[in-house]
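1. Quick one: sequence and predicted model below, then my questions.
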Amino acid sequence: MSDPFGLNRHIILPGPLKLDGGTALAPVEIAYETYGTLNAEASNAILICHALTGDQHVASNHSITGKPGWWTRMVGPGKPVDTDRFCVISSNVIGGCMGSSGPQSVGPDGRPYGMDFPVITISDMVRAQAMLLDHLGIAQLYSVIGGSMGGMQALSWAANFPARVASAIVIASTARHSAQNIAFHEVGRQAIMADPNWREGRYLEDGKSPDAGLAVARMAAHITYLSEQGLTEKFGRRLQNRDVKTFGFDADFQVESYLRHQGLSFTDRFDANSYLYITRATDYFDLAEEHGGHLANAFKGCNARFCVISFDSDWLYPTSESRNIVHALNASGAPVSFVELSSPFGHDSFFLELPALDRVIDGFLKAGGL
Amino acid sequence: MSALRPDLAIIAREVAPASRILDVGCGDGALMAALRDGKQVDARGMELDRANVTECVARGLSVIQGNADTDLADYPDAAFDYAILSQTLQTTMRPDLVLEQLLRIGKHAFVSFPNFAHWRVRLSLLWGGRMPVTRLLPVAWYETPNIHHVTIDDFRALVKERGIRVDGAWFLSGDRLTSDAAANFRAEHAVFLLSR
């Protein structure tokens, strides 16, 4: 058997993975990577959960685009998530399109699942990750870390596997999707489904994918990841490679050109059906609902330390959502740290240069003893 | 614990080992760190200032960014052995309500505050006719965070009126303890240990 640790790993587990929707998934494919070395007691494992359109390439070059991993500034030797001290694991969520089971996977009839893939939830993603940890021989995580949708997974980990989580870092996230969050996602889904190439999700067989729809979905979503101040500073009303307006519908403005580029390049690396499934999973997320309507109940029996971080310019998952989590953790008596960091970059701040974030994560992790 | 501010040193000395505390307005976390390291105390903190919170979390303390006036309501009853409010009471919107919250979530409460009736303050107001700027109250009236100046006798009257028990009181002039007698005149600073 090949080494289960290292970059670009892929495992097919027999399952079945029971799903919240009532069905089950078998087998379960998981694409993942590990960085650093698991110690003899298997006590130094950190799971990093990726965001909506992220993937397992946290600190390695992306297998399609060749670009550096999405959190190289946080994860690596001597970085706050120090791979000299910790064994870091990151996996592509189920429903994803980077090698884990998803709508692109081959279904029982020998064709790609497409829309026959079962609708999955954040808890389902987490249960799949737990199966991966079983496979790797990791009983308890030193920490589980995630931003945005990754933060939802971190919360779900603490709530559903309390014995397996010693600490959790939840960044720019929420314990439930708001009406506004769902609304933006629905715009994206409708853009994909309105693309004639989508064909009820059966586009993989004839090779013409709904790129236009997926690009529009990405453009709309991308606006929610930035702040108005960030957009104004970056683009203002400046024109793109021209001195005067064209009185047409070209990308006259720099911000239009930027969004079009974001949309187009996204279609090179992401699958439209995966986008439907993963946005659905986040829309269904409501941790309190899963625990009798009281968020504090979700954390009963949980001995983990928590670190909750928000950004003052994030209007997608604003500070009030983080405070909601903190209130529940306080009510349940959990040791929790919470800080709202100042950053002009909006929701995406956690990817970007922010020294205070590094210091908070570094200090919080060191306080766990390793 | 030698580097602690005098009022914090008293609190650090009096807190029982291995107890659970909430330090409201914990600043840079000096008291929490001393209690954690010296007495194995399970210490939690709340602090308004973002930079201070970042500093606390970076040194491994469990501190949340929050406001004493609004965020104490989230904690269950008797969640802590001690709720501590040092040099923060006079900065809150409703000190009386904050005090009630402290005694709800803590079995005991430590409250420390600068005494506005100290003789230097009185003299300054009497002879200068201006709002006092002293060693413990170093900021001019228009920019001070102290929006509810309080004297030791004011505080005694409040706890008496609310039926709160005083289990201990310490009065400081500089870093030296002074007697109960004439504390309202002679003490720059007071520390009270309270319970219901």
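-> Nice, I can see it.

2. Tell me who's in contact with the residue nearest to A:Pro103 when sequence neighbours are not counted.
-> If the residues on either side of it in the chain are set aside, A:Pro103 comes closest to A:Asn273, at 3.7 Å by Cβ to Cβ, 6 or more residues apart in numbering or on different chains. C-beta: built from backbone N, CA, C; applies to glycine. Going by Cβ atoms under 8 Å, 6 or more residues apart in numbering or on different chains, A:Asn273 touches A:97, A:102-104, A:114-115, A:117, A:201.

3. let's see it at 10 Å
-> A:95, A:97, A:102-104, A:112-115, A:117, A:192, A:198, A:201-204, A:209-210, A:214 (Cβ atoms under 10 Å, 6 or more residues apart in numbering or on different chains).

4. Same check on A:Met74?
-> Applying Cβ under 10 Å, 6+ apart, we find A:Met74 in contact with A:48, A:58-59, A:80-81, A:145, A:147, A:171, A:350-351, A:354, A:357-358, A:361-362.

5. Sort out for me which of the residues you listed are in strands.
-> A:48, A:81, A:145, A:147, A:171 (DSSP state E).

6. What about the first one, how many residues nearby?
-> In terms of burial, A:Ile48 registers 28 neighbours under the definition other Cβ atoms under 10 Å in any protein chain shown.

7. do stretch A:279-293 and chain B meet?
-> No: using Cβ under 10 Å from any Cβ of the partner chain, we find that stretch A:279-293 stays clear of chain B, coming within 14.8 Å at best.

8. Just the CA trace of that stretch, in PDB.
-> These are the backbone C-alpha positions of stretch A:279-293, laid out as PDB (Å, rounded to 0.1, in the frame of the first residue of the first chain):
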ATOM      1  CA  THR A 279     -23.700  26.200  -2.400                       C
ATOM      2  CA  ARG A 280     -26.700  24.000  -1.500                       C
ATOM      3  CA  ALA A 281     -24.800  22.500   1.400                       C
ATOM      4  CA  THR A 282     -24.000  25.900   2.800                       C
ATOM      5  CA  ASP A 283     -27.600  27.100   2.400                       C
ATOM      6  CA  TYR A 284     -28.800  24.100   4.300                       C
ATOM      7  CA  PHE A 285     -26.300  24.800   7.100                       C
ATOM      8  CA  ASP A 286     -28.000  25.700  10.400                       C
ATOM      9  CA  LEU A 287     -26.100  24.300  13.400                       C
ATOM     10  CA  ALA A 288     -28.800  25.400  15.900                       C
ATOM     11  CA  GLU A 289     -31.500  23.700  13.900                       C
ATOM     12  CA  GLU A 290     -29.600  20.400  14.100                       C
ATOM     13  CA  HIS A 291     -29.500  20.700  17.900                       C
ATOM     14  CA  GLY A 292     -33.100  21.400  18.900                       C
ATOM     15  CA  GLY A 293     -33.000  25.100  17.900                       C
END
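
9. now it: how far from the chain's centre is it?
-> Here the centre of stretch A:279-293 is set off from its chain's centre by 15 Å, with Cα atoms, centre = their mean, to the nearest Å.

10. what does stretch A:203-221 give?
-> Worked out by Cα atoms, centre = their mean, stretch A:203-221 lies 20 Å from the chain centre.

11. just stretch A:146-155 next, same as before
-> With Cα atoms, centre = their mean, you get 6 Å for stretch A:146-155.

12. Can you show me the CA trace of that stretch as PDB?
-> Only the C-alpha atoms of stretch A:146-155 are listed here, as PDB (Å, rounded to 0.1, in the frame of the first residue of the first chain):
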ATOM      1  CA  GLY A 146     -11.500  26.800   8.500                       C
ATOM      2  CA  GLY A 147     -12.600  30.100   7.000                       C
ATOM      3  CA  SER A 148     -16.000  30.800   5.600                       C
ATOM      4  CA  MET A 149     -17.500  27.400   4.600                       C
ATOM      5  CA  GLY A 150     -14.400  25.900   6.200                       C
ATOM      6  CA  GLY A 151     -15.500  27.600   9.400                       C
ATOM      7  CA  MET A 152     -18.900  25.900   9.200                       C
ATOM      8  CA  GLN A 153     -17.100  22.600   8.900                       C
ATOM      9  CA  ALA A 154     -14.900  23.400  11.900                       C
ATOM     10  CA  LEU A 155     -18.100  24.200  14.000                       C
END
